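model the structure of this input:
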Amino acid sequence: MALVELKSMKHLEACHIRMARAGANLTVRELAVKSGMNKATVVRIEAGYPVREASLSAVKETLENSGVRFLMCSASKDILVGVDTD
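This next block holds a predicted model:
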C-alpha cells in the first residue's frame with residue numbers, strides 16, 4: 001500500500017479536519033486563532049458546511065504546521081490522518 005501526501009483539498013472532509021485537530025491537541029478556538037480566522041468558520045468546516053477554499057487551506061496548513069500529515073492511499077484513495085510525535 002503506497003501512501004502519498006495529500007496536496008489537493010478536494011478529498012478532505014470534515015471528519016479529517018476534526019481528527020487532525022484532536023490529534024494535534026488543539027481546541028477549536030486555538031485552531032481558529034492559529035489559522036487567523038473566526039471560531040465560527042472552524043466550526044462550519046468541522047460540521048461539513050461549505051466554506052471558502054482559502055479558509056480550508058489556512059486550516060490545513062495550520063494543522064500541518066502543528067505536525068499533522070494528511071496521506072492518501074494510492075490504491076483505495078482513502079485519506080489517513082497522522083500526527084508527528086517528535
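
only C-alpha atoms from now on, for both contacts and neighbour counts.
Fine.

so what secondary structure elements neighbour the worst-scoring helix or strand of the chain on mean pLDDT?
Within the chain, confidence by mean pLDDT, DSSP states H and E is lowest for strand 3-5 among all helices and strands, at a mean of 88. Contacts defined by 3 or more CA pairs under 8 Å, 6 or more residues apart in numbering; DSSP states H and E place strand 3-5 against strand 68-73.

tell me the angle the longest helix seen in the chain makes with strand 68-73.
With secondary structure taken from DSSP state H, the chain has its longest helix at helix 53-65. Put simply, helix 53-65 runs at 100 degrees to strand 68-73, going by axes from the mean of the first three to the mean of the last three CA atoms, to 10 degrees.

starting at the chain centroid, how far to helix 53-65?
Remark: helix 53-65 is offset 7 Å from the chain centroid, using CA atoms, centre = their mean, to the nearest Å.

likewise for stretch 66-76?
Distance of stretch 66-76 from its chain centroid, counting by CA atoms, centre = their mean, is 10 Å.

show me what it is in contact with.
1-6, 20, 23-24, 64, 78-85 (CA atoms under 8 Å, 6 or more residues apart in numbering).

pLDDT value on the residue most central in space within the chain, please?
Centroid-nearest residue in the chain, with CA atoms, centre = their mean: residue 17, separated by 3.7 Å. If you check residue 17, the pLDDT there is 97.

in a helix, that's where it is, yeah?
Yes - secondary structure assignment (DSSP: H, G, I helix; E, B strand; the rest coil) places residue 17 inside a helix.

quickly find the element holding residue 82.
strand 79-83 (DSSP states H and E).

let me see the mean pLDDT of that strand.
Strand 79-83 comes out at a mean pLDDT of 92.

try stretch 31-46
97.

outside of that stretch, which residues touch it?
14-15, 17-18, 21, 28-29, 50-51, 55-56, 58-59, 62-63.
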